[in-house]
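Based on what follows, work out the 3D shape:
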Amino acid sequence: KGTILYLNKNGCDLLNVKGEKILGKHIYDILVLPQRIMNAIAQQQDVYLFETAIEYQGEFISLAMSLNIVKGVLDTPDRYIALLHPIEHIRELIHRHGGTFAHLTFDDLDYVGTSSAIRRVVRLAQQAARGRGSVLLHGEEGLGKSFLAQAIHNASERRNNPFITVNCQAIPREAMASEFLGSSTSGDKHTMSKFELAKGGTLVLENVEYLTNEVQTALLQLLKTGLLNKTNQTLVPLDVRLITTTDVDINQFVEENRFRRHLLYELQSFDIHVPALRERTEDIPALIKRYLKIMSHEVEASVTLSEDALRLMMRYSWPGNNRELRNVLERAYSYSSGNRIKAKDLPATLSAKIANMTSTSAPHPPQTLQEMEREALIQAAIHCQGVAIKIAATLRIGRTSLWRKLKAFN
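Numbers count the residues shown, from 1 in each chain. Purely as a prediction, here's the structure:
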């Protein structure tokens, strides 16, 4: 009948009140309950955990709340149990069990080397860490963009707040809206969105190009207003730092109307391109030295690389970038007879690819840039069977640029 019968210690701490002061009083004289709870009482329904706020003595207290109905002998409501959870504790539990902590700092990264390109990446990332806007990290697979996102978070003012990583490619399209925006199902059961879980912290969206149109629209609205429009039309104020990553030419997706142009503008407050390893071969020795040091620590022995093995690795193009380099070293060590990796221990496929590159490139005189570009267009057209949109994607250029080049080369 609305009379408060019991309030435990945690409830007293949450409301900052002594329990005996409110026991026996009517709940509506003490608290202003959310409308969802009022509706549930009227409809005699339980309510599962959802994020809300209750008003106590003129102040709003953010929390996650559930309502359980205890029924009597006639199967009618007899008592109501309200479960109040500090929202920070809920997030902490989810992060702890979900393993979504950011452990890496700039000192832990694979971005070591002497090239100006990689020094620029680190410098821009450190600037982004001090800033507040969204960060877009783009480059090929295997470059450790997700690790860079961790370092940015840990160097920022949000370092002690949640860090959530979501791979957009791994979420089925039909489930994407509920994953990102939260959902409302039968029985008044609600799920918290990824944005809500990351409140006050950082949300990393890997492979951002896979977001559906619906989520892109909601994300653009969130970045503009700071309000999340959930699938049940509830508006939730949020403070979230967004870091997105992509392996593709996202501008190409914009040209093909597969990604919203204005959303890309919002994501590019800090735009950081991570160059491929083949574009900065001077960094390879430093990377090898770092990986050998890590391996030495893991096997409790000094792992080294011979000069002939190093020369061979310097000639390889590393299409899989940093990740492939580390995997090759670990595999070679497993085949080595001691703690020194030699050329014969390296994968045979690596040597074969280098030999093939040498044999195919040596007999031919250098081509002009125009000849190379024309040949690339022809080969892409053959590979894509003349489908323009596929040719443009393969060459990583826009369709307008493709038509212009086709006309130029007749």
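
is it true that T165 lies in a helix?
No - read with DSSP: H, G, I helix; E, B strand; the rest coil, T165 is strand and lies in no helix.

surely it meets V204?
Yes - shown here, T165 and V204 form a contact pair, counting by CB atoms under 8 Å, at 4.4 Å. Quick note: C-beta positions are derived from backbone N, CA and C, even for glycine.

Need the residues touching each of the two.
Residues touching both T165 and V204 (CB atoms under 8 Å, 6 or more residues apart in numbering): S146, A149.

ok but E174 is inside a strand, no?
No - counting by three-state DSSP, E174 falls outside a strand, being helix.

quick one, longest strand in this protein?
What stands out as the longest strand in the chain, according to DSSP state E, is strand 59-71.

residues of it that come out buried?
Buried positions in strand 59-71, judged by neighbour count with 16 or more other CB atoms under 10 Å: I61, L63, A64, M65, S66, L67, I69.

Closest one of the residues you listed to P319?
For the buried residues of strand 59-71, the closest approach to P319 (CB to CB) belongs to A64, at 46.4 Å.

Can you tell me how far the residue nearest to that closest one when sequence neighbours are not counted is from W318?
Nearest residue to A64, sequence neighbours excluded (CB to CB, 6 or more residues apart in numbering): H85, at 4.3 Å. As judged by CB to CB, to the nearest Å, H85 and W318 stand 49 Å apart.

go on, S401?
To W318, S401 is 27 Å away according to CB to CB.

ok, now S336?
Shown here: S336 relative to W318, a distance of 20 Å by CB to CB.

which ones are touching the closest residue to L124 other than its chain neighbours?
Setting aside the residues directly before and after it, L124 is nearest to I272 in space (CB to CB, 6+ apart), at 4.9 Å. The contact partners of I272, taken as CB under 8 Å, 6+ apart, are V121, L124, A125, A128, V135, L136, L137, H138, L148.

Give me the subset of these that lies in helices.
Secondary structure from DSSP state H places V121, L124, A125, A128, L148 of those in helices.

so what does the longest strand of the chain touch, helix or strand wise?
Where contact means 3 or more CB pairs under 8 Å, 6 or more residues apart in numbering; DSSP states H and E, strand 59-71 is packed against helix 9-15, helix 35-43, strand 47-56, strand 77-86, helix 87-98.

Mean confidence (pLDDT) on it, please.
Mean per-residue pLDDT for strand 59-71: 84.

what are the pairing partners of it, and which direction each?
Strand 59-71 has its sheet partners listed here by DSSP bridges as strand 47-56 (antiparallel), strand 77-86 (antiparallel).

where among the ones you listed is the average confidence lowest?
Sorting those by mean pLDDT places strand 47-56 lowest, at a mean of 78.

ok, the residue lying closest to D247 once chain neighbours are set aside - how many residues close by?
Nearest residue to D247, sequence neighbours excluded (CB to CB, 6+ apart): E141, at 4.9 Å. E141 is flanked by 15 other residues according to other CB atoms under 10 Å.

Was I right to think E141 contacts P319?
No - counting by CB under 8 Å, E141 does not reach P319; the two are 9.1 Å apart.

Next one, pLDDT for M314 please.
92.

Give me the spatial nearest neighbour of it, chain neighbours excluded.
Once flanking residues are discounted, M314 sits nearest to I284: 5.9 Å by CB to CB, 6+ apart.

Also A40?
Spatial nearest neighbour of A40, chain neighbours left out: V47 (4.7 Å); criterion: CB to CB, 6+ apart.
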